[in-house]
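[1] Test case, fold it:
(2 chains)
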2 protein chains.
Amino acid sequence: MSTTTAPSSEAASAAPVRFETRPEAYRHWSFQVEGPVARLGMQVSEHEGLRSDYELKLNSYDLSVDIELADVTRRLRFEHPGVRTLVVESSVPRIFCAGANIHMLGSSTHGFKVNFCKFTNETRLYLEDMAAECGIRTLAALNGTCAGGGYELALACDEIVLQDDGNTAVSLPEVPLLGVLPGTGGLTRLVDKRKVRRDLADVFSTVAEGIKGRRAEQWNLVDKVVPSSRFAEFVTERAQELAQGDGPRGRTANAEGVVLEPLGGTYEQGGVTHRNVTLAIDGRVGTITIKGPDAPPPADPAAARANANDLWTLRTARELDDVLLDLRFNRPDVGTLILKTEGDAAQVLAWDAFLAEHAEDDWFVFEILATWKRVLKRVDLSARSLFALIEPGSCFAGTLFDLTLACDRSYMLDDPDHPVSIELSALNRGPLPMSNGLTRLETRFLGAPDTLAAALAHEGPWDARDAEDAGVVTISPDDIDWEDEVRIAIEERASLSPDALTGMEANIRFAGPETLETKIFGRLSAWQNWIFQRPNAVGEQGALTLYGRPERPVYDWSRT
Amino acid sequence: MSTTTAPSSEAASAAPVRFETRPEAYRHWSFQVEGPVARLGMQVSEHEGLRSDYELKLNSYDLSVDIELADVTRRLRFEHPGVRTLVVESSVPRIFCAGANIHMLGSSTHGFKVNFCKFTNETRLYLEDMAAECGIRTLAALNGTCAGGGYELALACDEIVLQDDGNTAVSLPEVPLLGVLPGTGGLTRLVDKRKVRRDLADVFSTVAEGIKGRRAEQWNLVDKVVPSSRFAEFVTERAQELAQGDGPRGRTANAEGVVLEPLGGTYEQGGVTHRNVTLAIDGRVGTITIKGPDAPPPADPAAARANANDLWTLRTARELDDVLLDLRFNRPDVGTLILKTEGDAAQVLAWDAFLAEHAEDDWFVFEILATWKRVLKRVDLSARSLFALIEPGSCFAGTLFDLTLACDRSYMLDDPDHPVSIELSALNRGPLPMSNGLTRLETRFLGAPDTLAAALAHEGPWDARDAEDAGVVTISPDDIDWEDEVRIAIEERASLSPDALTGMEANIRFAGPETLETKIFGRLSAWQNWIFQRPNAVGEQGALTLYGRPERPVYDWSRT
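    Numbers count the residues shown, from 1 in each chain, chains lettered A, B, ... in the order given. Model prediction:
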């Protein structure tokens, strides 16, 4: 409709955010591995946040802290396959973590707040993935104040141990002090993961000072309360207990890790260039192009490990992830994404076959698959419209075909003179579930089990017309219509209200069952986003705005 | 925290909204019953909306239209037990329904928009309840344009028949034309009820002109497309087909209905007075008091039917429902509700036993139970904080005890000199599920199956201390602490941000499984509420604001 542009209230912060880091460069965490136990100590550097207009006091965090945490969750899995337990603790006396920095939140744009919360939510889920996927148990050792996002971090761990010193409490003070929600999974994990009784959750979430000691254990807010005098010892012993035995798929004490090297992409105003993934921006439309592999997969997992940083599949997944994050934080105006691939579909299928063959037995190959799973979920959860263009020269097979299923629509050229095909691999048939627990094909055909069965049973490639008939692409225009149809679709999409599209996509992408994950992103985040727009929180006299100042917030008391 | 008040942007409209009506007073619908088929014809009276500053053209609706629809869904069940099919159609040529009136939406406060959508959503669910609960099948007969909320009304019917005249289309133009969502269940029912493929749902929801003819059937947007020449005849035949046989629990052709008479409450600034339910307002705190029965239940269902409008249980449910709606629409500042009861718990249990004994076999007794089910859901979904006070003289047993489980907290006095008790009935053990499909006890004890089993197995009353130990009340202060503890809890609650409380309660009240209902109220509504705050929709140059004017909307293009 409109091609006019309103002045943006959502300008990205001056310096672009980059997501690559490495342990030697961490400013906010200590990270040590001793045999099967890794210890991650929070020690936020007050003056080394993402911006300089706030101080990260009391182990409060901003995005720079979470970028390092996300990095740890990756590296621990790839670089330390012998680790069986991760202890999450604080390296600062008497304080575990005070949660997200309020001054940072109060001074950020709405768009930044929303994307910051989404990223922290994804990272908390990566912590939770580790037990199920790698057999790495996470233990939150709370030896000091644990408030808001700090307790939400603990909630994402498998076990929570709380020091009983008459003082140390867990708390979610967001509602009483800030007029916002514990939106990094807090409310959802309280009642759905830890299954805290709703009335107790209600009391807990409105008591700013939190709950300590025995009552925290009785209400199931923590798993164990331990006297100060025995706390350190207990944590060490419990970490060792959780670390007994070998992990799955060859995660033994002797297993050798793989160091993830920097991707080293080039970031410009016009886009991003990685080796296998590029982003090219034209106005408010971005085109992501993925190059297929130009060589067959390695002979075996050992050969793969030896060449880990150049492996097409792992590198491509990491590059795509980086591009998605760059778009979310640095390019908010690029609302429509076109997805293309270039290469040999047979090679993609060969790489998929390699992953499928070895993922069950080899921890490293499994990690590549798990990386794809997370990146594909990041696509599903990205608030951008996605159209896949399946054209001659593309290689939308297997994993890359699943990307088209993550798109809102797919267009496939039907031109007998320039034939193009798509094809499934084993990886479309199970190991890459969405947040709702179903594969993208299962979600797509929720109401058509026969169509699903036919698609899954189909062997070999589909041409355009068969693909449309099988329901695995949206539409297959012929060569006469193609250019106009695609151009108009993109132009129309790019003309619609960005907010309405975000809400629409969040609702129609996730049909079927709901899980802890979908509840966090669908229900909790949507309510938090609403509150992040409300004057009672972010107005001049709102609670978030005034936090830390002498004035009291002034509320419009209307309930909606 | 704050006791200061911001100027309210959410003032209720000048005239209070009343929810009682009757067919003779309908302004917007024709309603005819012929044997087993009822026909409900939409014929919105342009100048008889709730306010006079907009015209309800093209069968567009406002709350006054939906109040009548809600009334029909009730009366059809009580007054016409012989009806087996409800045809929902238009009495206006060439137009079925243009959806919610945009000028009404554009000029309403945020709070009104949100509560309007919630009420319409509840009403759509009542349409859906009819098939499962009463065996009344609903058939949407689309003989003209069916857009936005009009199509959402059709989506709530069991079957949709579309006239194939080369012109009549179904559409959801909210995203492309208004910059908001099809938020009356539209997006959710598309992908979760009708299981429309997500990419087709994406196309459909962005094409303002909609989809017609064969394609609408192919995409499962409608069940059947019928040529104009055969349309009327087809609808009549299909309605008769669906009306074959008797309904459940004695819903036969000869069954005699029960006419619901007006409740005739008194509405004042200080509250509402009904016979069994009163609301007394003190500042921003409202106290709802329910009187228990002062007589035993009738001897049998026939006696109950003969005295339907004076039956304690049915009347109390209807009165409570009316008070909840009055609070939502006419008293937005009353954010905290205290729930009390007065009466004889043994009598309440006797009435519950009557319902439990006859609900399986008698359609009328079942309708009373179903009314309670819906009213209790309305409590769960009301964006107000609810505390139950269980004091001497109260009668929180059975159905009324379930009300305490719908509250955010319950306080029970522990005073041996003035003993008080609570007790379950059969109605707490199954027939009153929440939107998530579980009973309130099951939801409460999601993480404690043994505690649940013990509570369900418990016979007889609990005193205060045992109730707290059993987890069926939140806390049981003794007589020394009671007054201060309750007073401080209420004062604290009433001081918190109304928005944060709304978001918090929406997240912790509904642990456990998700259903179509919880998805609509949790996910879809939360996103719609967010969009209803966004300048791209409601700002001076937003799409909703400018609809119908020559200017184009001006968007801030940032994606969040």
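
[2] thought residue A:428 was touching residue A:402?
    Yes. Residue A:428 is within contact range of residue A:402, at 5.5 Å (criterion: CB atoms under 8 Å). For glycine as for every other residue, the C-beta is placed from the backbone atoms N, C-alpha and C.

[3] overlap in contacts of the two?
    Both residue A:428 and residue A:402 are in contact with residue A:440, where contact means CB atoms under 8 Å, 6 or more residues apart in numbering or on different chains.

[4] Which single residue of the stretch 251-400 of chain A approaches chain B most closely?
    Going by CB to the nearest CB, chain B is nearest to residue A:332 of the stretch 251-400 of chain A, at 4.1 Å.

[5] nearest residue to that residue other than its sequence neighbours?
    Excluding the flanking residues, the one nearest residue A:332 by CB to CB, 6 or more residues apart in numbering or on different chains is residue B:558, at 4.1 Å.

[6] where does that neighbour land on pLDDT?
    Note on residue B:558: pLDDT of 95.

[7] tally of neighbours for it?
    Residues within reach of residue B:558, counting by other CB atoms under 10 Å in any protein chain shown, total 23.

[8] which SS class is residue A:153?
    helix (DSSP: H, G, I helix; E, B strand; the rest coil).

[9] Would you tell me which residues of the stretch 51-200 of chain A are close to chain B?
    A:109-111, A:114-115, A:174-181, A:187-188, A:190-192, A:194-200 (CB under 8 Å from any CB of the partner chain).

[10] other SSEs contacting the one helix or strand residue A:236 maps to?
    Using DSSP states H and E, residue A:236 falls within helix A:228-242. The contact analysis (3 or more CB pairs under 8 Å, 6 or more residues apart in numbering or on different chains; DSSP states H and E) places helix A:228-242 against strand A:85-90, strand A:137-142, strand A:159-164, strand A:224-227.

[11] what lines up beside the first one in the sheet?
    Okay, so that is strand A:85-90. Strand A:85-90 has the following sheet partners, assigned by DSSP bridges: strand A:37-42 (parallel), strand A:137-142 (parallel).

[12] Could I get the pLDDT score of residue A:2?
    Predicted confidence (pLDDT) for residue A:2: 40.

[13] Tell me where the stretch 351-500 of chain A has strands.
    Using DSSP state E, counting those that start in this stretch, the strands of the stretch 351-500 of chain A run over A:385-390, A:409-412.

[14] Dump those strands into CSV; add mean pLDDT and mean neighbour count as well.
    Output for these, formatted as CSV (pLDDT from 0 to 100; neighbours: other CB atoms under 10 Å in any protein chain shown):
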stretch, mean pLDDT, mean neighbour count
strand A:385-390, 98, 25
strand A:409-412, 98, 25
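
[15] Distance to residue A:480 added to these, as TSV?
    What follows is those, written out as TSV (distance: least, CB to CB, whole Å):
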stretch	distance to residue A:480
strand A:385-390	17
strand A:409-412	14
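
[16] hang on, isn't residue A:376 packed against residue A:404?
    No. Residue A:376 is beyond contact range of residue A:404, at 11.1 Å (criterion: CB under 8 Å).

[17] These two: which has the busier surroundings?
    residue A:404 (27 against 22).

[18] Let me see the contact set for the residue minimising distance to the centre of chain A.
    Nearest to the mean C-alpha position of chain A, counting by CA atoms, centre = their mean, stands residue A:122 at 3.1 Å. By CB under 8 Å, 6+ apart, the contact list for residue A:122 reads A:70, A:374, A:377-378, A:381.

[19] wait, does stretch A:427-447 contact chain B?
    Yes. Stretch A:427-447 is in contact with chain B by CB under 8 Å from any CB, via A:443-447.

[20] Which of these fall within helices?
    Judged by DSSP state H, these include A:443-444 as members of helices.

[21] Could you export the residues of stretch A:427-447 next to chain B as a markdown table, including neighbour count and pLDDT?
    Output for these, formatted as a markdown table (neighbours: other CB atoms under 10 Å in any protein chain shown; pLDDT from 0 to 100):
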| residue | neighbour count | pLDDT |
| --- | --- | --- |
| A:443 | 23 | 98 |
| A:444 | 23 | 98 |
| A:445 | 23 | 98 |
| A:446 | 19 | 96 |
| A:447 | 17 | 93 |
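
[22] So for residue A:144, what's the pLDDT?
    95.

[23] count of neighbours near it?
    22.

[24] Next up, the contacts around it.
    A:90, A:92-96, A:163, A:168.

[25] Which of the three states applies to the closest residue to chain B within the stretch 151-300 of chain A?
    Per CB to the nearest CB, residue A:195 is where the stretch 151-300 of chain A lies closest to chain B, at 2.4 Å. Three-state call for residue A:195 (three-state DSSP): coil.

[26] Phi, psi for it please.
    Main-chain dihedrals, residue A:195, degrees, to the nearest 10: phi 50, psi 40.
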